[in-house]
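A.B. asks: I would like to see how this sequence folds:
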Amino acid sequence: MELISIFSFVSFLLLLISVFTLADSGSIGVNYGRVANNLPSVSKVVELLKSQGLNRVKVYDTDPAVLHALSGSGVKVTVDLPNEQLFAAAKSTSFANSWVQQNVAAYYPHTEIEAIAVGNEVFVDPHNTTKFLVPAMKNIHQALVKFNLHSDIKISSPIALSALQNSYPSSAGSFRPELVEAVFKPMLDFLRQTGSFLMVNAYPFFAYESNTDVISLDYALFRENPGVVDSGNGLRYFSLFDAQIDAVFAAMSALKYDDIRLVVTETGWPSKGDENENGASIQNAAAYNGNLVRRILTGGGTPLRPKADLTVYLFALFNENNKFGPTSERNYGLFYPNEEKVYDIPFTVEGLKNYRDNPSPVAGNQQRTAAPVNSGGGSVSKSTTGKTWCVANGEVGKEKLQAALDYACGEGGADCHPIQPGSTCYDPNTIEAHASYAFNSYYQMKGRQMGTCYFGGAAYVVTQPPSAYSIISSLLTFKYF
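C.D. replies: Numbers count the residues shown, from 1 in each chain. All right, here's what the predicted structure looks like:
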């Protein structure tokens, strides 16, 4: 009996150790976007975060009401300096000092700001803000030094996977050549010097949605599958998420930055989509996010970086009804605006004890072999069932459309000859029609990669051929698919 008691005590002790180990293995946060007109009050949002055990949140601005509400909550916060302010932050130390004083120092430490995202997916911004990114990061950091906050608050900038030139196999991951010397080396140097980390936005949904004929749904949703062997190093991948993240690690390694940590600042799966948005469903969203939470909280890194435990921010807290684009854009939320869960998944180690992924008994592509997909640059076989187009958002105004159009036809390298005077697609001669053609040319040229149809909010993705620009559809049928 005594021996049994000792064994029981040891077992209990091991269980406790494993729970604490899991709690420290990785971290789950959430993006709190507010492009909606029906969301609960910020005080209710803070209570919701606490009730769900979500102790990290990322916001897209420095809204005073939000930062005040988070004061004393114990929730760690990542704030954002918008792309529109990069120029000012890069050119003026007084602006950077003022911004930090008003938006960070005024709230810290009662509001536990732990990081500042300087810009967001800057490399796809049509306003040529890339060259201001690193100078802005450095000036904001110097402002933190001035207020003696640099040891507690880290600075980084979220990149989209479209910043990769190659991502398959993961071991061959590399950054786009034009960004290496201009941005990545100085940015990674800065991250190393300040003890910070690289922020990455990764969406396996987009790779799956456009390539359902070659990517297994199980591989995309962290379910049991045969896996994909990396031909470069022999490592076997059992999830598209790990493959995407390791492509970024490999890209950093190729530049000799093996010591830089990585935080996934956005990832998610829509619970609803248009007819052509393959895979967008409540069942798949629940599986992706639920299995991802389990994957992160049960510890371990990626095949390439097995000890690199990850912090991951789910996108997003709520469905946001004022977002442009296809139906999926308004349906990434974990919660409805009335605070009810869209689907039931855990966010904590404790909640994982009762979590079970329940695959649908009917899954048309469940048996496909997990196949490679290049989610960065390079070529990839595209599914003709996942066609998407990029069109102009006329509501942003002519000035913003013109700036984005200039970028697409200039630095972006889009084929804009057909919209020149006298050419086949010159008519209708409107800024919106020409912008739609140029944006779509750029989007298709980039392989419909996530982040390449944004242009600072001047464009969005559609899943039906734009009727007003039928010539685009007819050209794309032959040129891109």
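
A.B. asks: Go ahead and confirm residue 184 touches residue 255.
C.D. replies: Yes: taking contacts as C-beta atoms under 8 Å, residue 184 lies within contact range of residue 255: 6.6 Å. From N, CA and C alone the C-beta is placed, and that goes for glycine too.

A.B. asks: Now the common contact residues for these two.
C.D. replies: Taking C-beta atoms under 8 Å, 6 or more residues apart in numbering as the contact criterion, the common neighbours of residue 184 and residue 255 are residue 175.

A.B. asks: Compare neighbour counts for these two and give me the winner.
C.D. replies: residue 184 (21 against 16; other C-beta atoms under 10 Å).

A.B. asks: Without its sequence neighbours, what residue ends up closest to the more buried one?
C.D. replies: Nearest-residue entry for residue 184: residue 175, 5.1 Å, with adjacent residues in sequence omitted and distances by C-beta to C-beta, 6 or more residues apart in numbering.

A.B. asks: who's the one you found bridged to?
C.D. replies: residue 164 (DSSP bridges).

A.B. asks: Show me where the stretch 251-400 of the chain dips below the pLDDT cut-off.
C.D. replies: By pLDDT under 70, the low-scoring segments of the stretch 251-400 of the chain are 360-387.

A.B. asks: Run through the helices of it in chain order.
C.D. replies: Listed in chain order, the helices of the stretch 251-400 of the chain (DSSP state H, counting those that start in this stretch) span 282-297, 349-352, 398-409.

A.B. asks: quick one, which of the ones you listed is nearest to residue 180?
C.D. replies: For residue 180, the closest of the helices of the stretch 251-400 of the chain is helix 398-409, at 20.4 Å, according to C-beta to C-beta.

A.B. asks: Please name every helix or strand in contact with the helix or strand that the closest one is followed by.
C.D. replies: Tracing the chain past helix 398-409, the next element assigned as helix or strand by DSSP states H and E is helix 431-445. Secondary-structure packing of helix 431-445 (3 or more C-beta pairs under 8 Å, 6 or more residues apart in numbering; DSSP states H and E): strand 389-392, helix 398-409, strand 459-462, helix 470-479.

A.B. asks: Helix 431-445: which residues count as buried?
C.D. replies: Buried positions in helix 431-445, judged by neighbour count with 16 or more other C-beta atoms under 10 Å: 432-445.

A.B. asks: Spell out which two among these are the most distant pair, please.
C.D. replies: Pairwise distances among the buried residues of helix 431-445 were taken by C-beta to C-beta; the largest, 20.2 Å, belongs to 432 and 445.

A.B. asks: distance between the ends of stretch 139-157?
C.D. replies: Stretch 139-157 has its terminal residues 14 Å apart, counting by C-alpha to C-alpha, to the nearest Å.

A.B. asks: begin at 28 from here
C.D. replies: Sure, I'll start numbering at 28, so the last one becomes stretch 166-184.

A.B. asks: which residue sits closest to the spatially most central residue of the chain, ignoring its sequence neighbours?
C.D. replies: With distances taken as C-alpha atoms, centre = their mean, the residue of the chain nearest its centroid is residue 228 (2.4 Å). The shortest distance from residue 228 to any residue that is not its chain neighbour, by C-beta to C-beta, 6+ apart, is 3.9 Å, and that residue is residue 293.

A.B. asks: Just grab the bridge partners of residue 84 for me.
C.D. replies: Beta-bridge pairing of residue 84 under DSSP bridges involves residue 57, residue 104.

A.B. asks: so it makes contact with residue 101?
C.D. replies: No: taking C-beta under 8 Å as the contact criterion, residue 84 and residue 101 are not neighbours in contact, 11.1 Å apart.

A.B. asks: Looking at the two, which one has more neighbours?
C.D. replies: With other C-beta under 10 Å as the criterion, residue 84 and residue 101 differ in neighbour count, and residue 84 comes out ahead with 22 against 10.

A.B. asks: Next up, the contacts around that one.
C.D. replies: Listed by C-beta under 8 Å, 6+ apart, the contact partners of residue 84 are 56, 57, 58, 59, 76, 97, 102, 103, 104, 105, 344.

A.B. asks: Ok, which of the helices of the stretch 278-427 of the chain comes nearest residue 352?
C.D. replies: Of all the helices of the stretch 278-427 of the chain, helix 425-436 comes closest under C-beta to C-beta, at 15.3 Å.

A.B. asks: What lies in contact with that closest one?
C.D. replies: Surrounding helix 425-436, the residues in contact under the criterion C-beta under 8 Å, 6+ apart are 153-155, 419-421, 441, 443, 458-459, 461-462, 465-466, 468-469, 482-486.

A.B. asks: Let me know the angle separating that helix from helix 458-472.
C.D. replies: On the basis of axes from the mean of the first three to the mean of the last three C-alpha atoms, to 10 degrees, helix 425-436 is oriented at 30 degrees to helix 458-472.

A.B. asks: tell me which residues of helix 425-436 are tucked away?
C.D. replies: For helix 425-436, the neighbour count (16+ other C-beta under 10 Å) marks 427, 428, 430, 431, 432, 433, 434, 435, 436 as buried.

A.B. asks: confidence score at the last one?
C.D. replies: Per-residue confidence for residue 436 comes out at a pLDDT of 89.

A.B. asks: And residue 497, by the same measure?
C.D. replies: Taken from the predicted model, the pLDDT recorded for residue 497 is 40.

A.B. asks: same question, residue 145
C.D. replies: Residue 145 is assigned a pLDDT of 98 by the prediction.

A.B. asks: check contacts around it.
C.D. replies: With C-beta under 8 Å, 6+ apart as the criterion, the residues that contact residue 145 are 108, 113, 116, 160, 163, 164, 167, 182, 183, 184.

A.B. asks: Now, those residues that are in helices?
C.D. replies: Under the assignment DSSP state H, the contacts of residue 145 contribute 113, 116, 160, 163, 164, 167 to helices.

A.B. asks: Now for the first one: which residues touch it?
C.D. replies: Contact criterion C-beta under 8 Å, 6+ apart gives 145, 146, 149, 156, 159, 160, 163 as the residues in contact with residue 113.
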